[in-house]
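K.L.:
Mind folding the following:
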Amino acid sequence: MAVTAPSEAAARASGWPARLPRRHEGLRGLVLLAPTLLILGITVIVPFALMAAMNFWTQVGFDHADGWSVRNYAIIATEQLHAALLLRSLGMAMAATLLTVLPVYPMACFLAFHVRRNKLVWLIVITLAHAWAAFALLPIHVSLEKIDRSLPGASADLGEGPVTRFFRVILPLSMPGVIAGTFLMFIPTVGDYVTAALVGGPDARMIGNLIQLQFGTISN
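P.N.:
Sure thing, here's the model as predicted:
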């Protein structure tokens with residue numbers, strides 16, 4: 001009776017994706033990611049595609065006419081109210097993003113390099129206390145966690161101080177997380193209308209408030 005090699009038995013036990021030849025590593029990764037990509041497509045990409053298609057509908061009263069039009073974008077570009085609210089929203093979102101990403105980076109550094117126990121508790125306390133900050137904190141933290149700890153040590157052995165070591169080693173290696181955190185913070189802030197509606201008056205309206213009014217009340 002033939003004895004199955006341990007590696008072959010493990011491959012059979014882990015399913016057919018693991019039995020793909022080694023030269024098909026990319027295909028194996030896509031197969032393993034397929035359920036996640038399917039869920040992401042259904043819950044994120046499809047709604048965004050439908051919303052994008054609605055941008056080109058022509059409104060007639062409270063209904064939509066047949067055919068496609070770029071009239072909605074022309075209105076945004078030509079009407080002063082829309083342009084002013086859009087520029088205000090972009091400016092406020094940019095300011096909020098900078099004021100969040102800059103202080104969040106040291107927090108992510110502290111969690112990545114100094115917290116050894118109860119790290120999940122730290123992340124959950126910070127997430128609950130600063131809901132928007134978490135969008136920037138988590139990708140930066142993940143990026144910092146992936147840095148090889150020997151690289152800052154090698155930089156120190158070569159005589160570089162903490163400040164130089166940070167700007168020449170840690171910050172460049174963590175830039176993917178910084179960029180991801182910046183976009184994840186900026187994009188939802190641009191469209192935020194709840195904060196302006198709750199804590200601001202008429203002068204605090206943003207482009208999201210106009211979209212909510214047009215979409216919900218006027219059915220546009």
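K.L.:
Low-confidence stretches in this protein?
P.N.:
Where the chain drops to pLDDT under 70, the residues are 1-26, 62, 124, 126-130, 199-204.
K.L.:
Please, where are all the helices along it?
P.N.:
Counting by DSSP state H, the chain has helices at residues 6-13, 25-40, 46-54, 71-78, 80-113, 119-129, 133-145, 150-157, 162-165, 171-173, 175-190, 194-199, 207-212.
K.L.:
what residues are up against the closest residue to Arg88 other than its chain neighbours?
P.N.:
Once its chain neighbours are removed from consideration, Arg88 has its nearest residue in Met206; the separation is 6.2 Å (C-beta to C-beta, 6 or more residues apart in numbering). For the C-beta atoms, the positions are set from N, CA and C on the backbone; glycine is no exception. The contact partners of Met206, taken as C-beta atoms under 8 Å, 6 or more residues apart in numbering, are Leu85, Arg88, Ser89, Met92, Val190, Asp192, Tyr193, Ala196.
K.L.:
Next one: Met206 from Ala180, what distance?
P.N.:
Using C-beta to C-beta, to the nearest Å, we find Met206 at a distance of 24 Å from Ala180.
K.L.:
longest strand anywhere in this protein?
P.N.:
For the chain, the strand reaching the highest residue count under DSSP state E is reported as strand 63-68.
K.L.:
Walk me through which strands that one pairs with, and which way each runs.
P.N.:
Each strand pairing with strand 63-68, determined using DSSP bridges, is listed with its direction: strand 57-60 (antiparallel).
K.L.:
one step back: run through who's touching the longest strand of the chain.
P.N.:
Residues lying outside strand 63-68 but in contact with it, judged by C-beta under 8 Å, 6+ apart, are Phe56, Trp57, Thr58, Gln59.
K.L.:
Now which of these would you call buried?
P.N.:
Among the contacts of strand 63-68, those buried by neighbour count (16 or more other C-beta atoms under 10 Å) are Trp57.
K.L.:
So what touches stretch 156-165?
P.N.:
Counting by C-beta under 8 Å, 6+ apart, the neighbours of stretch 156-165 from elsewhere in the structure are Pro152, Ser155, Arg168, Val169.
K.L.:
what about Thr100, how many residues close to it?
P.N.:
22 (other C-beta atoms under 10 Å).
K.L.:
can you tell me which residues contact it?
P.N.:
By C-beta under 8 Å, 6+ apart, the contact set of Thr100 is His130, Trp132, Ala133, Ala136, Met185.
K.L.:
Now distance to Leu40 too, for the residues you listed, in JSON lines please.
P.N.:
Conversion of the contacts of Thr100 to JSON lines gives the following (distance: C-beta to C-beta, whole Å):
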{"residue": "His130", "distance to Leu40": "26"}
{"residue": "Trp132", "distance to Leu40": "22"}
{"residue": "Ala133", "distance to Leu40": "24"}
{"residue": "Ala136", "distance to Leu40": "21"}
{"residue": "Met185", "distance to Leu40": "20"}
